[in-house]
Every structure is written in C-alpha cells, then in structure tokens.
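*Asks:* missing the sequence, but the structure's below:
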C-alpha cells in the first residue's frame, strides 16, 4: 500500500491528484444492511477517521466534515456498495459527493490482459481482501495503491495507444455520477473530454481489422440513445487483448450485460455481406481448420445430401451460431467438429466451451490430441486427477487461459465446477458421444451435439 515513505516514488502529478481524494470503506452486515464499521483515509493518512460500534454516529459527523474539503471520494466498489449504504444513512451527503471514483470500475480498462492479476488482493464480488477480517482502514489504504497503479497504467496506455484512453474518456462519462471518471482521464490526458466525432474516429482506428465494420457502425449509432458507454468501453478493452489469456470479470458481465452482447455483435455475428473482409475470414470453416490444425480441407467423406463434406457442414453450422446434432461414423473426425467452433469462439469473444464426455480415457485423448497440434488451451477435470491437478485446471478456466473444458456429466454436481463456470461466459455446450445421454433415447451411431448459448 502507499505510505508517506513510498509515495515519493509516484510522479508528482499523480501525488497531487491523490491528495484531492478521500478513500472510504464500509463494513456492512449483509443480513440487516446495517453499517457497523467504516474508515475514511486521506492520502497522507494524517486525519484518518475510523469508527465502529457505538461511536459510529459521531464518526459519520466527522466524515461529513471531511468530505466538504475533498474533490473525490474513492473506493473499491464504491458506487454500487459503499455509497448506496452511506447515502441511505446520511441522505444529505448526496449534495457533497459529486465526483466519486470507483477503482473497481476502472480496473478492467487499466489492466485488460487480466484484471485479477493486477489488483492488490480482492474477492470476486469486488471487495478488497485485507490482511485482517473487517479492517476498513487497511482496505481504504489499499484503494490508494490500486488507484495509483491504475493512473500509471493509463499513463503508459496514453503513450502507447492514445486512441484507447481518448475512447475510454468519452465512453465512461456518458451518464450520471461520472465527473470523477472525467477527472481521472482529463488528468491522464492533460486535456478536456473529447467530442463525439473525436471519440468515434478513435474507436474506428482502435478496432480496425478486429471487428465487423458494419456491426461497429450499428453500435456507434446507439451510443447516444442507450446507456451503454461503460459496456462499450469494456468490450473495447477486451478486444485490445483478444486472442485468449484474459477474461471479462464476472461482475462486469453481471453489471454491464451489454458488454458481452456488444463483443459478440462486433466479432461473432456475421453481417452476411460478401464484401466484409472480417466476416468472410472469421466465419470460413476451411480457414479456421487451416489456422488451428494446418489442414487445407475437411475430410470429403461422409457427405451431406448435397455432396458437401459433412464434417465441414457441421463446423459451418456451429460457427454460424446454430445448435447442431452431428452424427458421424467412428474415426471420421467428430472432435474437430466442436474443437474448431470452440477455438474460434474463444478467440473472438473469450467464451468457454464445455464438453460433456462419458469416458476419462476419451477426455485425456482429446486434450493430448490438441496439445500435439500446438493447442494448450484445452483442459479436463475428472475423478482420476489429484487435488493439485484439479485446482490447476480450474484456475486456468477461471483466469481465462482455457478455451475448452472437458468434464464428465457427474462433475456438474461439483460445487467447485459450478462456481468456476460462473466466472466465465459459456459459448458452447457440447455433448460428445451424445448417444450416452439416456433421456435422448437410442441414437444410431456415435454423435456429437452442440448448443450455443445466446
């Protein structure tokens, strides 16, 4: 955390900004919604307010006085948690708290590669994890470290990719309660909020050759009429590191539901225009086969009634977002039929594909086969694994390093599996050897069933 001895290592302009902030952290009883402790800490920590129990009302009086001289109340999950409870307790503070800054909201923009790797320690519901239970003072101090890290990251991003910071500045200040974020980006850029034409031009440059341009214009046309600025910012942030090894945080998908929809609209929904280079390349099954496995064509046999490769037909339908029941003889490449759509979806949107498979030997064979092809993002979890092996596989899924998770049906009863799956967007559910699913009855021949999640 930042203390007076180490704060001198920060650039002077960041120290000046942080001195205008007051970090607030509340401890709230989740059952009664009663605040039982809180802390308010300035950057120099000289006039910290720590209050709990019977003294809490007097502490709120001191907090109200302290806020009168502060430009920016800051906190981690401040807007949706602390401020909600604080204003319920002291409604008149709404007149004082005019430019709050929530470091939770900023983190996926500052650290798109993987937001979890760059927080001090935090729970996935957005709370900071302090060294001691219910220590609001320590949590409040940690917020300064988080914000300082974010300011330095935005500084670097502004040097490397100024279009990104310009776009974030405009997008994150479209709604209410956002003057604090305007202050952050004005501080980093050294200039006032950009205009809409400037922002649109920056966004177009930022995602050129990374999205469908026709779909992009559709999204841009909605930005002024819909409150999706933050969702668009999070989608752009993820696109900047697209290709795996990152994950859109679950709280973003829950709070800003449009972010995932925008991502799929821009990168995984074909516009059907033959002149669109992005859609033509990204939705070509043969190109995907060549990219992932190095083959120039699918197996010619078996064929569909029109004479096309049935293997290619299944992949094409799945890549197009359709639910598919594929029936192929043994040894004709059923696995490729789900692997290519799964890898493509992971590459385009970061979504996880879950494969339900009945045999441990088959699971391991699938993972090893992909590894031989140079693909290391497929993992399996089964009852034959040691606890460290299982935890390592689940960590890869949770942190966005896995494109495909292969499990047996009974693993879905596991609390750890279900909790991990909640951390990811699920793009495909695949039932390998679908004839083993008893409720489907008997299906002649080995099958693979795929269903997209919309």
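*Replies:* Thanks, I have the structure now. Remember, predicted model here, so these are calculated numbers, not experimental data. Numbering: from 1, shown residues only.

*Asks:* ok, residue 370 to residue 364 distance?
*Replies:* Residue 370 is 11 Å from residue 364, where distance means CB to CB, to the nearest Å. Every C-beta, even on glycine, is put in place using the N, C-alpha and C of the backbone.

*Asks:* tell me which of these two has more neighbours.
*Replies:* When residue 370 and residue 364 are compared for neighbours, residue 370 comes out ahead with 22 against 15, by other CB atoms under 10 Å.

*Asks:* shouldn't that one be in contact with residue 339?
*Replies:* Yes - using CB atoms under 8 Å, residue 370 makes contact with residue 339 at a distance of 6.7 Å.

*Asks:* please enumerate the shared neighbours of those two.
*Replies:* Both residue 370 and residue 339 are contacted by 378, 404, under the criterion CB atoms under 8 Å, 6 or more residues apart in numbering.

*Asks:* so how far is residue 367 from the closest residue to residue 294 other than its chain neighbours?
*Replies:* Take residue 294 and drop its neighbours on the chain: the residue closest to it by CB to CB, 6 or more residues apart in numbering is residue 373, 7.4 Å away. In this view, residue 373 and residue 367 are 11 Å apart by CB to CB.

*Asks:* next one: residue 192
*Replies:* Residue 192 is 52 Å from residue 367, by CB to CB.

*Asks:* cool, residue 356 as well?
*Replies:* Going from residue 356 to residue 367 by CB to CB gives 15 Å.

*Asks:* those two - which one has more neighbours?
*Replies:* When neighbours are counted by other CB under 10 Å, residue 356 and residue 367 differ, and residue 356 comes out ahead with 21 against 17.

*Asks:* who's in contact with the more buried one?
*Replies:* Shown in contact with residue 356 (CB under 8 Å, 6+ apart): 407, 408, 409, 412, 429, 430, 431, 432.

*Asks:* okay, and the beta partners of it?
*Replies:* Assessed by DSSP bridges, residue 356 has beta-bridge partners residue 407, residue 431.

*Asks:* do the same with residue 49
*Replies:* Counting by DSSP bridges, residue 49 forms beta bridges with residue 40.

*Asks:* what sits up against the helix or strand hosting residue 286?
*Replies:* Assigned by DSSP states H and E, residue 286 belongs to helix 285-293. In this structure, residues lying in contact with helix 285-293 by CB under 8 Å, 6+ apart are 281, 295-298, 312, 315-316, 319, 336, 339-340, 343-344, 373, 375.

*Asks:* of those residues, the lowest pLDDT goes to which?
*Replies:* Note: of the contacts of helix 285-293, the lowest pLDDT belongs to residue 373, at 87.

*Asks:* now it: how far from residue 349?
*Replies:* Using CB to CB, we find residue 373 at a distance of 22 Å from residue 349.

*Asks:* if you count what's nearby, which of the two comes out ahead?
*Replies:* Neighbours per residue (other CB under 10 Å) separate residue 373 from residue 349, with residue 349 holding more: 22 against 15.

*Asks:* name the helices or strands packed onto the helix or strand where residue 66 lies?
*Replies:* If you go by DSSP H and E, residue 66 is part of helix 56-67. Secondary-structure packing of helix 56-67 (3 or more CB pairs under 8 Å, 6 or more residues apart in numbering; DSSP states H and E): strand 21-28, strand 35-42, strand 49-52.

*Asks:* what's around residue 432, how many residues?
*Replies:* 23.

*Asks:* wait, it touches residue 355, no?
*Replies:* Yes - applying CB under 8 Å, one finds residue 432 in contact with residue 355, separated by 5.6 Å.

*Asks:* overlap in contacts of these two?
*Replies:* In contact with both residue 432 and residue 355: 338, 366, 406, using CB under 8 Å, 6+ apart.

*Asks:* ok, those vs residue 380, which is closest?
*Replies:* The shortest approach to residue 380 among the shared contacts of residue 432 and residue 355 belongs to residue 406, at 4.3 Å (CB to CB).
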